[in-house]
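S.K.: Could you look at this predicted model? Sequence included:
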Amino acid sequence: MKIKTAHVTNSSSMSFIVKNKAPIEVAIKMLEFITRSSNYHQQRNKFQKDIEKLKNHVKKNYFNDNICIPYTCNYETFIYYISDDDSRVDTCNNERWENCDVGLVEDIDEYRTNEEWEESEKKEFLNIGNFKVMTKKEILDLWRKEIE
């Protein structure tokens with residue numbers, strides 16, 4: 001398990017922009033994708049329940065919330081609201097996301113400085129592992145405790 005504690009250049013991490021989709025739409029597509037993956041066959045029921053919870057979340061008008069999927073491959077996937085039409089995704093490239101039907105994607109650089117990384121840790125996300133709103137730092141700290 002890889003744990004990011006600061007900005008690092010990491011060959012298994014990637015970032016990209018999804019055009020014309022809110023974070024919750026991207027999260028649902030990514031969850032549907034990993035639900036079909038043979039790597040996660042034991043977790044399919046949980047993923048399907050989480051998809052339903054997210055769809056109910058949309059109905060409550062939390063459409064532009066940042067989302068964290070805490071159980072993708074090597075580390076968490078963070079999906080940020082960046083504009084009315086676009087979302088940023090920070091994730092692991094050990095998944096074959098190019099086969100995921102998230103729509104138009106534009107690759108971007110990861111955080112270039114520790115300051116950018118630290119700023120990202122202050123952002124709040126709906127953590128779909130427990131459906132609580134937490135900062136990125138709180139989610140990462142929680143995950144570190146779970147694997148110790």
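M.R.: Arrived safely. Numbers count the residues shown, from 1 in each chain.
S.K.: model confidence over the helix ranked longest in the chain, on average?
M.R.: Longest helix in the chain, counting residues (DSSP state H): helix 44-59. Confidence over helix 44-59 (mean pLDDT, whole number) is 79.
S.K.: Next one, pLDDT for residue 4 please.
M.R.: pLDDT at residue 4 comes out at 44.
S.K.: which residues of this structure fall in helices?
M.R.: 23-36, 44-59, 114-121, 136-147.
S.K.: pretty sure residue 142 is touching residue 136, no?
M.R.: No: assessed by C-beta atoms under 8 Å, residue 142 is found out of contact with residue 136, at 10.7 Å. From N, CA and C alone the C-beta is placed, and that goes for glycine too.
S.K.: Which of the two has more residues huddled nearby?
M.R.: residue 136 (22 against 16; other C-beta atoms under 10 Å).
S.K.: In space, what's closest to the more buried one - neighbours in sequence excluded?
M.R.: residue 121 (4.7 Å; C-beta to C-beta, 6 or more residues apart in numbering).
S.K.: Repeat that for residue 14.
M.R.: residue 93 (4.1 Å).
S.K.: Tell me, how many residues neighbour the residue nearest to residue 136?
M.R.: Residue 121 has 16 nearby residues by other C-beta under 10 Å.
S.K.: With residue 44 instead?
M.R.: 13.
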